[in-house]
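Trainee: Give me a model of this one.
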Amino acid sequence: LSGVFCLALHPALDILVTGGRDAVARVWDMRSKTQIHCLAGHEHTVASLLTKSTDPQIITGSHDTTIKLWDLAAGKCMSTLTHHQKSIRALAQPTFENTFASGAADCIKKWQGKDGRFIKSFTGHNAVLNALAVNDDGVMVSGADDGSVKFWDYKTGYCFQETSSIAQPGSLDAENGVFATCFDLTGTRLVSCEADKTIKIWKQDEEASELSHPIDMAGWRKKCIKESKQRY
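Mentor: Residues are numbered from 1 along each chain as shown. Reported below is the predicted structural model:
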């Protein structure tokens, strides 16, 4: 009865999972088009979700600042993660390890995929974060409401590059927000959906090198020491 904010196909089963403003995630049988489960427990809009072939097979992120891991067979919540302070609008998972990342206005957090154990925080965005994507090379991209796009090393959390989206001519400067990001199958092209009603395709800079994009080890070490003193 309300807006649908996210949907995902299960990688192994013929089911579709949808999340929306009614604060529930619904599991649908693709063949019969009937509802199998109604995963209730969130107190606000379900804005993002992930599906996996191993338990927990469904992960949901909500505007109530929580992430829930669901048992698909029973249709019940296995655990709730409450580390974020702001609405969770994006989730992403890599193909090369059993972890996932969640994005909110406060920061990006990385979690263990099996039990939801907290691993680390990625800090640096100063805006509402709408989109996350990870490719097979371990590059994670985050896009925010202010048009900022950051590129992270998924394993260490180091932000090695950042840029800003440019609004189309004729659009307002405020319409450069990034709403969705996705890598193509090669992992070398990034597709972004933006507030200026455009879809942009980004490619790797072929002239980039270690000299043109040096790693700031001193600043990175200082940031790591500072964050190690914080609990979350």
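Trainee: quick one: Asn135 and Gly187 touch, right?
Mentor: Yes: in this structure Asn135 lies within contact range of Gly187 using CB atoms under 8 Å: 3.5 Å. For the C-beta atoms, the positions are set from N, CA and C on the backbone; glycine is no exception.
Trainee: Looking at these two, which one has more neighbours?
Mentor: Taking Asn135 and Gly187 together and counting by other CB atoms under 10 Å, Asn135 has the greater number of neighbours (21 against 16).
Trainee: Look up phi and psi at that one.
Mentor: The phi and psi torsions at Asn135 (degrees, to the nearest 10) take the values phi -100, psi 180.
Trainee: which residues touch it?
Mentor: With contacts taken as CB atoms under 8 Å, 6 or more residues apart in numbering, Asn135 has the following neighbours: Phe183, Gly187, Thr188.
Trainee: and the gap between the last one and Arg117?
Mentor: Distance check for Thr188 against Arg117: by CB to CB, to the nearest Å, it reads 32 Å.
Trainee: Over to the second one?
Mentor: Counting by CB to CB, the separation of Gly187 from Arg117 is 27 Å.
Trainee: Point out where this structure drops to low pLDDT.
Mentor: Applying pLDDT under 70 to the chain picks out residues 1, 231-232.
Trainee: ok, and the closest non-adjacent residue to the residue most central in space within the chain?
Mentor: Nearest to the centroid of the C-alpha atoms of the chain, with distances taken as CA atoms, centre = their mean, sits Leu91, at 2.8 Å. Computed as CB to CB, 6 or more residues apart in numbering, the closest residue to Leu91 that is not its neighbour in sequence is Ser48, at 4.3 Å.
Trainee: Can you list the strands that the host helix or strand of that neighbour pairs with?
Mentor: Assigned by DSSP states H and E, Ser48 belongs to strand 46-51. Each strand paired with strand 46-51, and its direction, by DSSP bridges: strand 58-62 (antiparallel).
Trainee: List the buried residues of the partner strand.
Mentor: When neighbours are counted by 16 or more other CB atoms under 10 Å, the buried residues of strand 58-62 are found to be Ile58, Ile59, Thr60, Gly61, Ser62.
Trainee: got these as a markdown table, with distance to Ser102 columns?
Mentor: Supplementary listing: those in a markdown table, determined by distance: CB to CB, whole Å:
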| residue | distance to Ser102 |
| --- | --- |
| Ile58 | 14 |
| Ile59 | 9 |
| Thr60 | 10 |
| Gly61 | 5 |
| Ser62 | 10 |
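Trainee: Cool, thanks, talk later.
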